[in-house]
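Novice: Just need the structure, nothing else, for what follows:
(chains A and B)
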Amino acid sequence: QSALTQPRSVSGSPGQSVTISCTGTSSDVGGYNSVSWYQQHPGKAPKLMIYDVTKRPSGVPARFSGSKSGHTASLTISGLQAEDEADYYCCSYTGTYTWVFGGGTKLTVL
Amino acid sequence: EAQLVESGGGVVRPGGSLRLSCAASGFTFDGYGMSWVRQAPGKGLEWVSGINWNGGSPGYADSVKGRFTISRDNAKNSLYLQMNSLRVEDTALYHCARVAFDAYYYMDVWGKGTSVTVSS
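Specialist: Down below sits the predicted model:
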């Protein structure tokens, strides 16, 4: 149950695109198309942004998109906005009602 | 609107016990699995435990296995986490989360959390 690997921080200017990676193993990211992404603003509960690698819940802007290749999943945010500044966490289902999170990435909008 | 409200947190000595509760409303509780996720101060999210809709298939993180027990009471729309043999490193904000299913399982609704501090 080792945590998935995410960059500690990423940054971008308003209007630009940023991509956050999430690397695991064949036991998690590589083994299931079950990666989800969560946005967390300071002092707030996490919010679901992407599930099943590429799906967006209703209400999440189309600027947020997900993908996966092999053992690495990615979250791309296009047309960055100031309110996108937050911590982002990836999460993978690992079978039999178990999950593993990434260490989190702090997104700074310059 | 689906809502989850945690309670039961507090300050406890190392080796002590605590029982967390999560009250669900706004959705059919017994139609969903549930999960506990914690966040130590200044740290990232850590999945702790999960349970399916009827109380079966409980899963635990290695860090809490043998010390924590997850359970639910569908008649009371409530989820629980019994925490025994608590350690300083269990100090965290504990969130409960609803587990949804499409092609796979994911956590779609989260509570604001209840704080647990383990300190001598």
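Novice: Can you report how many residues neighbour whatever residue of chain B ends up closest to chain A?
Specialist: Per CB to the nearest CB, B:Tyr104 is where chain B lies closest to chain A, at 3.3 Å. The C-beta positions use only the backbone N, C-alpha and C, and glycine is treated the same way. Neighbours of B:Tyr104 under the rule other CB atoms under 10 Å in any protein chain shown: 17.
Novice: tell me the phi and psi of it?
Specialist: Here is the backbone geometry of B:Tyr104 (degrees, to the nearest 10): phi -140, psi 180.
Novice: pLDDT score for the nearest residue to A:Ala3 once chain neighbours are set aside?
Specialist: Closest residue to A:Ala3 in three dimensions, ignoring its sequence neighbours and counting by CB to CB, 6 or more residues apart in numbering or on different chains: A:Gly103, at 5.2 Å. Per-residue confidence (pLDDT) for A:Gly103: 96.
Novice: Wait, A:Gly103 touches A:Ser2, no?
Specialist: No - using CB atoms under 8 Å, A:Gly103 makes no contact with A:Ser2, being 10.2 Å away.
Novice: Between the two, which is the more surrounded one?
Specialist: A:Gly103 (17 against 10).
Novice: contacting residues around the closest residue to the residue of chain B closest to chain A other than its chain neighbours?
Specialist: Sequence neighbours aside, A:Ser34 is the residue nearest to B:Tyr104 in space, at 3.3 Å (criterion: CB to CB, 6+ apart). By CB atoms under 8 Å, 6 or more residues apart in numbering or on different chains, the contact set of A:Ser34 is A:52-53, A:92-93, B:103-106.
Novice: out of the residues you listed, which one sits closest to A:Gly24?
Specialist: A:Ser92 (5.8 Å; CB to CB).
Novice: Could you report the separation of that closest one from B:Val64?
Specialist: 19 Å (CB to CB, to the nearest Å).
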